[in-house]
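Chemist: model this:
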Amino acid sequence: MAKKATKSFILRVDSDTMDAIEKWAADEFRSTNGQLQWIITEALRKARRLPKKKKSDPEDQTDDSGND
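Modeler: Reported below is the predicted structural model:
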């Protein structure tokens, strides 16, 4: 399975907001980074801004039987 490419960036957040995010992350057993990714993904999903997932084409799948 191919890994998704990620981009890094700096995010400035006030200390009260960061404290709340860190506590929320700890409550859900996530890293702070993982919690921020989840928050962003959920907001994009709710706003219907995420790209549509592509269905895999059966013709593109390889045959593992060894027959060509």
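
Chemist: Summarise which helices and strands the strand or helix carrying Lys23 is packed against.
Modeler: Lys23 belongs to helix 15-27 when assigned by DSSP states H and E. Contacts defined by 3 or more C-beta pairs under 8 Å, 6 or more residues apart in numbering; DSSP states H and E place helix 15-27 against helix 32-46. Just so you know, the C-beta spots here come from the backbone N, C-alpha and C atoms, and that holds for glycine as well.

Chemist: now for the helix it packs on, which elements pack on it?
Modeler: Helix 32-46 is packed against helix 15-27, with contacts defined by 3+ C-beta pairs under 8 Å, 6+ apart.

Chemist: residues in contact with the helix holding Lys23?
Modeler: 13, 31-32, 34-36, 39 (C-beta atoms under 8 Å, 6 or more residues apart in numbering).

Chemist: between it and helix 32-46, how big is the angle?
Modeler: 90 degrees (axes from the mean of the first three to the mean of the last three C-alpha atoms, to 10 degrees).

Chemist: Show me what counts as buried in helix 15-27.
Modeler: Across helix 15-27, burial judged by 16 or more other C-beta atoms under 10 Å covers 21, 25.

Chemist: before we move on, back to that, most surrounded residue in the contacts of helix 15-27?
Modeler: Neighbour counts for the contacts of helix 15-27, by other C-beta atoms under 10 Å, peak at Gln35, which reaches 19 neighbours.
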